[in-house]
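[1] I would like to see how this sequence folds:
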Amino acid sequence: MTAPRSASPISISALAGALAATLGAGVLVGWAFDIEWLRSLAPRYIVMLPNTAVAVLAGGLSLLLLNGTASRRRLLAARVLGTVVLVIGGISLLARMFDWDLAMYRILFPAALAKYPYRPIGLMATNSTVALTLTGIALLAASSETERRRRLARRAAALGGAISGVALLGHLYGAHALYAVDQAAGMALLTALGFALLQVGVLWLYPNEGRVSLIMRDDLTGALLRPLLLLTVVVPVILGRLWITARENAVVSQETGIAVFVVLTVAWIVVLLLRTGAAIRAADEERARVLESEQQARASAEAANKAKSDFLAVVSHELRTPLNAILGYQSLLADEVLGPLSETQGQHLRRIGHSAQHLTTIVDQILTLARAEVKETAINLDTVSVDMLLREVVAIATPLAGAKGLQVHCDCDPNITIVSDAAKLRQILINLVGNAVKFTDTGSVALHARLDGADVVIEVRDTGIGIAPEHQERIFDEFWQAEQPLTRRAGGAGLGLAVSRHLATLLSGVITVTSAPGRGSTFTLRLPASVAARTAT
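    Next up, the predicted model:
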């Protein structure tokens with residue numbers, strides 16, 4: 001999988017690649033038109049060789065291609081250019097190791113090369129060959145889509161960057177041994193700059209990976225590292241250069257210069273430590289404030305949720321009394337205890353009864369849900385025959401299913417028993433079967449029960465409309481319904497499944513669903529064969 005790169009229009013990696021390509025091209029122009037400062041910045045510096053300039057130019061172009069819009073052609077071109085860098089560096093390294101004097105070093109500008117005392121003519125220094133070989137490896141590995149190879153790219157670039165950095169310090173401080181390990185050759189200042197740009201470009205090609213990600217993050221770590229990294233590198237280097245300049249101009253003695261350098265370095269480290277400590281303290285204080293705010297918000301949410309549950313419980317309880325009275329009077333009138341009824345009156349009474357019963361069911365579901373949320377529902381354990389329980393549920397659901405022309409049947413081993421709350425288990429299954437009947441127009445609803453290790457698994461399958469994948473978790477939310485027009489036609493408040501899941505949780509169980517639009521649904525209730533045993537463990 002390809003890792004995300006920098007989203008900015010001009011990333012650090014792309015900028016480094018552009019500068020490296022410009023540097024390589026400028027050196028080649030210097031060789032072509034005999035412009036000394038383009039080859040070495042100043043006469044006292046070693047020149048960058050033409051083959052090195054070609055490698056730096058190819059590496060910079062490779063980085064630019066890797067930073068662009070991903071395409072097979074760009075990736076292939078970037079790898080070809082990276083291969084050019086690796087080949088030049090690898091052959092040069094082997095030549096230094098085995099003392100080869102190959103004519104290929106002098107293909108470009110042989111007459112101009114002969115004027116310089118470097119031997120063999122046209123062959124870059126040993127430290128340059130190593131750094132360039134590592135850069136070629138880094139460029140090829142960085143173009144890979146695997147994290148393992150990109151990790152190799154970062155390590156190769158870091159090692160090559162260390163070699164280039166040492167050479168840069170050598171030029172800055174005039175320390176010949178830091179940039180010239182051979183008697184007749186050394187890493188030029190422009191060469192060290194070119195290699196450093198390529199290696200920085202590789203390291204920043206994937207800013208969200210590796211150690212670079214620590215610097216690029218928008219968190220406390222990144223906020224601390226970005227200024228600290230820059231200042232801990234730049235300031236000591238500047239202090240060292242100032243000390244050397246002061247010594248060269250006899251401004252201070254050696255002892256005084258060392259003392260001043262040490263004092264300034266220690267002072268700078270103390271400043272950095274104090275700044276870091278202040279940033280960490282500010283972050284801790286902010287984190288403490290956020291934590292306190294979150295705790296207050298959680299407490300408020302829990303209090304509001306309890307108030308809601310208490311309100312629902314009280315309202316539901318108060319609604320049941322008049323609803324029971326309505327059902328009682330409706331039953332008396334329907335039985336003609338108070339006198340005969342006409343056909344029209346009987347129809348109206350039946351409608352009143354159905355509506356009151358429907359409202360009573362919703363109120364009962366709200367009350368059950370409220371009690372479950374505040375954990376006030378008692379569990380009455382008993383040994384229950386699963387087969388008998390399923391048959392009771394089928395008997396209850398048959399009239400409703402028969403009105404739609406549906407078949408309801410069950411399949412269960414008569415020997416399966418469960419230690420649980422029979423009433424709550426019955427309510428869960430009635431809700432699941434009722435939900436299945438609601439959303440099934442043709443076919444059947446089936447109940448299956450089986451043992452699975454120490455669990456009893458009960459499945460309610462239907463041939464209904466099915467449920468879209470994005471809705472299969474939301475259907476268990478309170479008052480949520482997937483198909484509003486169909487739900488209004490079928491009735492219900494969207495509480496049946498929520499109540500069922502709450503009750504299943506109280507019984508140490510779980511309800512899951514598998515479904516596809518137009519292919520029906522299967523609700524699976526998994527319960528321990530003994531709730532008491534599961535609770536004890």
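[2] and the residue located most distally from the centre of the chain, what pLDDT?
    Most distant residue from the mean C-alpha position of the chain: G339, 72.6 Å away (C-alpha atoms, centre = their mean). Looking at G339, its pLDDT reads 74.
[3] from what I can see, it looks like it's in a helix, true?
    No. Going by DSSP: H, G, I helix; E, B strand; the rest coil, the assignment for G339 is coil, not a helix.
[4] tell me the contacts of it?
    With C-beta atoms under 8 Å, 6 or more residues apart in numbering as the criterion, no residue contacts G339. The way it works is simple: take the backbone N, C-alpha and C, and place the C-beta from them, glycine included.
[5] Mind giving me the packing neighbours of the helix or strand where R426 lies?
    Element membership for R426 (DSSP states H and E) is helix 422-438. Helices and strands touching helix 422-438, as assessed by 3 or more C-beta pairs under 8 Å, 6 or more residues apart in numbering; DSSP states H and E, comprise strand 382-385, helix 386-403, strand 444-452, strand 455-462, helix 496-506, strand 521-528.
[6] Only alpha carbons, please: show it as CSV.
    C-alpha atoms of helix 422-438 as CSV (Å, rounded to 0.1, in the frame of the first residue of the first chain):
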residue,chain,number,x,y,z
ALA,A,422,-37.9,-16.8,31.1
ALA,A,423,-40.0,-13.7,30.9
LYS,A,424,-37.1,-11.5,29.6
LEU,A,425,-36.0,-14.2,27.1
ARG,A,426,-39.6,-14.5,25.9
GLN,A,427,-39.9,-10.8,25.4
ILE,A,428,-36.6,-10.7,23.4
LEU,A,429,-37.8,-13.5,21.1
ILE,A,430,-41.3,-11.9,20.7
ASN,A,431,-39.7,-8.6,19.7
LEU,A,432,-37.4,-10.4,17.2
VAL,A,433,-40.2,-12.5,15.7
GLY,A,434,-42.6,-9.5,15.6
ASN,A,435,-39.9,-7.4,13.9
ALA,A,436,-39.4,-10.2,11.3
VAL,A,437,-43.1,-10.5,10.6
LYS,A,438,-43.5,-6.8,10.2
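[7] ok, how many other residues are close to the closest residue to G443 other than its chain neighbours?
    If the residues on either side of it in the chain are set aside, G443 comes closest to T463, at 2.9 Å by C-beta to C-beta, 6 or more residues apart in numbering. By other C-beta atoms under 10 Å, the residues close to T463 number 19.
[8] Mind pulling up the pLDDT for T463?
    pLDDT, T463: 90.
[9] go on, L323?
    In the predicted model, L323 carries a pLDDT score of 69.
[10] Listing request: residues of the stretch 101-250 of the chain with sub-threshold pLDDT.
    Within the stretch 101-250 of the chain, the stretches with pLDDT under 70 are 183-184, 210-228, 230-231.
[11] Helices of that one, start to end?
    According to DSSP state H, counting those that start in this stretch, the stretch 101-250 of the chain carries its helices in the segments 110-113, 126-142, 147-173, 176-179, 189-203, 212-216, 220-248.
[12] any chance of these in a markdown table, with distance to I430 too?
    Listed next are the helices of the stretch 101-250 of the chain as a markdown table, based on distance: least, C-beta to C-beta, whole Å:
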| stretch | distance to I430 |
| --- | --- |
| helix 110-113 | 94 |
| helix 126-142 | 62 |
| helix 147-173 | 52 |
| helix 176-179 | 84 |
| helix 189-203 | 64 |
| helix 212-216 | 54 |
| helix 220-248 | 54 |
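[13] so which of the ones you listed gets nearest E459?
    Comparing the helices of the stretch 101-250 of the chain against E459 with C-beta to C-beta, the closest turns out to be helix 147-173 (42.2 Å).
[14] can you tell me how far the spatially closest residue to G520 that is not a sequence neighbour sits from T442?
    In this structure, G520 finds its nearest non-sequential neighbour in T463, 4.5 Å apart by C-beta to C-beta, 6+ apart. In this view, T463 and T442 are 7 Å apart by C-beta to C-beta, to the nearest Å.
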